[in-house]
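A.B. asks: coords please:
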Amino acid sequence: MRGLSIWHIIVLAILCAILVIPMAKIMNRAGWSGWLALIYPIPIAGLILLWVFAFTRWPALDTPSN
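C.D. replies: Here you go, the predicted model:
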């Protein structure tokens, strides 16, 4: 069995970008740091982040809109 080839790494990076970029935009709109989206592709940590994000108060809802 061979190790990871360069194509595996490229495909993995593209898939991570497909997950992380939209998640970062959603988190920014909700008032959270977009950097937290880097945790999202990590299997267990991403699931925990999703649950925390879904059930905590969003800082963007606390600020009055213009």
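
A.B. asks: pick out the residue nearest the middle of the protein.
C.D. replies: For the chain, the residue nearest the mean C-alpha position is Ala37 (2.6 Å; CA atoms, centre = their mean).

A.B. asks: tell me which residues of stretch 37-57 are tucked away?
C.D. replies: Of the residues in stretch 37-57, Ala37, Leu38, Tyr40, Pro41, Gly46, Leu49, Phe53 count as buried by neighbour count, 16 or more other CB atoms under 10 Å. For glycine as for every other residue, the C-beta is placed from the backbone atoms N, C-alpha and C.

A.B. asks: what's in contact with it?
C.D. replies: Under the contact criterion CB atoms under 8 Å, 6 or more residues apart in numbering, stretch 37-57 has outside partners Leu15, Cys16, Leu19, Val20, Ile21, Met23, Ala24, Met27, Ala30, Trp32, Leu36.

A.B. asks: out of these, which one sits closest to Trp58?
C.D. replies: Distance to Trp58 across these (CB to CB) is lowest for Ala30, with 4.4 Å.

A.B. asks: quick check: chain neighbours aside, which residue is closest to the closest one?
C.D. replies: Among residues not flanking Ala30 along the chain, Trp58 sits closest, at 4.4 Å (CB to CB, 6 or more residues apart in numbering).

A.B. asks: residues contacting the one you found?
C.D. replies: By CB under 8 Å, 6+ apart, the neighbours of Trp58 are Ala30, Gly31, Trp32.

A.B. asks: okay, these in CSV with secondary structure and pLDDT next?
C.D. replies: Output for the contacts of Trp58, formatted as CSV (DSSP: H, G, I helix; E, B strand; the rest coil; pLDDT from 0 to 100):
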residue, secondary structure, pLDDT
Ala30, coil, 84
Gly31, coil, 84
Trp32, coil, 86
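
A.B. asks: which one (most neighbours) among these?
C.D. replies: Trp32 (19 neighbours; other CB atoms under 10 Å).
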